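A.B. asks: Kindly generate the corresponding structure for this input.
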Amino acid sequence: MGTTVEQALEQLKSTGVRMTPQRHAILSFLMASITHPTADEIYKSLSPAYPSMSVATIYNNLRLFVDAGLVRELTYGDDSSRFDADLSEHYHAICRSCGKIVDFDYPPLTQVETVASQETGFRVEGHRMEIYGQCSECSKPAN
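C.D. replies: Purely as a prediction, here's the structure:
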């Protein structure tokens, strides 16, 4: 089971970060989301309820959450990072057509890290694996 919003908020408070309604909303949205949203997607979803919130506010808070270790930033070589509040060991399947990212579980590939360490002399701190293809929507035959 992942971290709850309340646990995340307590963790932030313990480091002296003040909890604002916007921070609570952004963190709650991320933790409830399975779509790995971009900052713009978060902004579009939250701006009706928080008209004073800017895209800059979203970016600044996302950076704060990433630095605090509550959120993972996913960069895949395109313009916009996506954000994932699920910090468990899991992998991503990414659609090359629409950019959709779907989580899937697989026993962590710890052997890969061991071999990489042995062959390179690196002190391995983690790894990332992505699967690329087309999601079920994009691969449907056109009528």
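A.B. asks: Show me where the chain dips below the pLDDT cut-off.
C.D. replies: By pLDDT under 70, the weakly predicted segments of the chain are 1-3, 77-79, 143.
A.B. asks: List the contacts of the most centrally placed residue in it.
C.D. replies: Nearest to the mean C-alpha position of the chain, by C-alpha atoms, centre = their mean, lies D84 at 1.6 Å. Neighbour list for D84: 30, 36, 71-72, 74 [criterion: C-beta atoms under 8 Å, 6 or more residues apart in numbering]. C-beta: built from backbone N, CA, C; applies to glycine.
A.B. asks: Mind jotting down where the strands sit in the protein?
C.D. replies: 72-74, 82-84, 91-95, 101-104, 130-133 (DSSP state E).
A.B. asks: Quick check: which of those is buried the most?
C.D. replies: Stretch with highest mean neighbour count among these: strand 82-84 (a mean of 21; mean count of other C-beta atoms under 10 Å).
A.B. asks: Could you work out the most separated pair of the contacts of D84?
C.D. replies: Farthest apart among the contacts of D84 by C-beta to C-beta are L30 and L74. That separation is 12.0 Å.
A.B. asks: List the residues that are in contact with both of these two.
C.D. replies: Residues within reach of L30 and of L74 at once, by C-beta under 8 Å, 6+ apart, are 83-84.
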